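Undergrad: Need coordinates for the following:
(one chain, ligands or ions: 1)
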Amino acid sequence: MKKVGLYYNFETKKTSRVAKKIKEAFEKAGGYEIIPVDVDEKMTEEQFMQFDHMLLGASTWMDGELPYYWDEFVPAMEDLDMKGKKIAIFGLGDQVNGSENFQDAIGLLGYLLEERGAKLYGFTSTDGYTFERSVGLKDGKFMGLSIDVDNQAALTNERITAWVKQLKKEKF
Ligand SMILES: Cc1cc2nc3c(=O)[nH]c(=O)nc-3n(C[C@H](O)[C@H](O)[C@H](O)COP(=O)(O)O)c2cc1C
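TA: This next block holds a predicted model:
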């Protein structure tokens, strides 16, 4: 049983809902114990670093910014050694109203953590999404799971199921 930290802000509505679905999908798939961790101003570096397997949830806000609860933790993250950490990121974005900055948060976290030595898992295709630009891409793929509950809510469950299956296959 792999212990996986599921990091998101418990006060959010949409991100929390997606995080809970991801937890359920992992439990259904088997082999993983998912432990939620609240990302807020009280989260310490020790709490952030307590798991080697990490699922990180972040929506994109205001022209491509991280939500405040992640943004406040960025200075701490810049000093962390993430070698040995296996990380999979799920993002929430709005491809219609946020088309110029769709899912930027995935890339803002992804590139930073990769530079600190983390290994990222669960990159996904942009097929099925329409947007102008995203910082969340590497080699043409999202650096994680891209969820859009504003425009494609009906696809959320199947996207999560496929992603968890992919992560298992990638030996996350
Ligand atoms: C003020 C505002 C700005 C937003 N800006 C972006 C954006 O730049 N890019 C994007 O992909 N989504 C953007 N979104 C969409 C949110 O990321 C999306 O609605 C997400 O599901 C919100 O999840 P949360 O409420 O859990 O944070 C924005 C939403 C709001 C309300």
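
Undergrad: Kindly report the residues of this structure close to the ligand.
TA: 12-15, 59-64, 67, 92-94, 98, 101-103, 149-150 (Cβ under 6 Å from any ligand atom). Yep, even glycine has a C-beta here, placed from its N, CA and C like the rest.

Undergrad: For Ile22, grab the count of nearby residues.
TA: The local packing of Ile22 (other Cβ atoms under 10 Å) involves 25 other residues.

Undergrad: How about the contacts made by Gly122?
TA: Neighbouring residues of Gly122 by Cβ atoms under 8 Å, 6 or more residues apart in numbering: 88-89, 144-145, 163, 166-167, 170, 172.

Undergrad: if we go to 6 Å?
TA: Contact analysis of Gly122 by Cβ atoms under 6 Å, 6 or more residues apart in numbering lists 88, 144, 163, 166-167.

Undergrad: Over to Leu66?
TA: So, once contact is read as Cβ under 6 Å, 6+ apart, Leu66 ends up touching 105, 108.

Undergrad: which of the residues of the chain next to the ligand count as buried?
TA: Neighbour-count burial (16 or more other Cβ atoms under 10 Å) is assigned, among those, to 12, 15, 59-61, 64, 67, 92-94, 98, 101-103, 149.

Undergrad: which among the residues you listed gets closest to Asp81?
TA: Asp81 has its nearest neighbour among those in Pro67, at 24.4 Å by Cβ to Cβ.

Undergrad: Good, wrapping up.
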